[in-house]
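sequence-free structure coming up:
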Ligand code: SF4
């Protein structure tokens, strides 16, 4: 069983209740395709301050998460016809955020959850 923590975007918090993220996690698709089993440990909303996010990563690790996933809308945007494209997500520097979260939490941080862009291969940052 892989225990997953999800980090979502504050700017989207009142618009999306993580519907596709949770569906993908449960069915082990899209950003969760590499797992044999998945269990959701918890969900945090990303803060503007990096240090605050690193605190959240440590808490998530202490709660038993084995990996943290950044939701897809943190680093990608929705285009025409509901297709998703890399870039212009809600987080300014998602690569650095993922790298720092992995280090702080001592666990892998994966960029991606649901509806991955067609040209994107899932990136995982390790501690
Ligand atoms: S990745 Fe998609 S489903 Fe998940 S929070 Fe963002 S918009 Fe919602």
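Everything's here; your move. Computed from a predicted structure; not experimentally measured. Numbers count the residues shown, from 1 in each chain.

Do a quick rundown of the strands in this protein.
With DSSP state E as the criterion, the chain has strands at 2-8, 38-45, 67-70, 76-78, 84-86, 109-111, 123-125.

Of those, which stretch is the most buried?
Neighbour counts (mean count of other C-beta atoms under 10 Å) averaged over each of these peak at strand 67-70, with a mean of 26. For glycine as for every other residue, the C-beta is placed from the backbone atoms N, C-alpha and C.

State the mean pLDDT of stretch 74-85.
Stretch 74-85 shows a mean pLDDT of 94.

wait, what's in contact with the closest residue to residue 13 other than its chain neighbours?
For residue 13, ignoring the flanking residues on the chain, the nearest one in space by C-beta to C-beta, 6 or more residues apart in numbering is residue 45 at 5.7 Å. The contact partners of residue 45, by C-beta atoms under 8 Å, 6 or more residues apart in numbering, come to 7, 8, 9, 10, 13.

so residue 45 bridges to which residues?
Bridge pairing for residue 45 (DSSP bridges) gives the partners residue 8.

now it: how far from the ligand?
Separation of residue 45 from the ligand (C-beta to the nearest ligand atom, to the nearest Å) stands at 10 Å.

what does the model give that residue for pLDDT?
According to the per-residue confidence, residue 45 scores 98 in pLDDT.

Residue 7 and residue 69 touch, don't they?
Yes: in this structure, residue 7 is within contact of residue 69 by C-beta atoms under 8 Å, at 7.1 Å.
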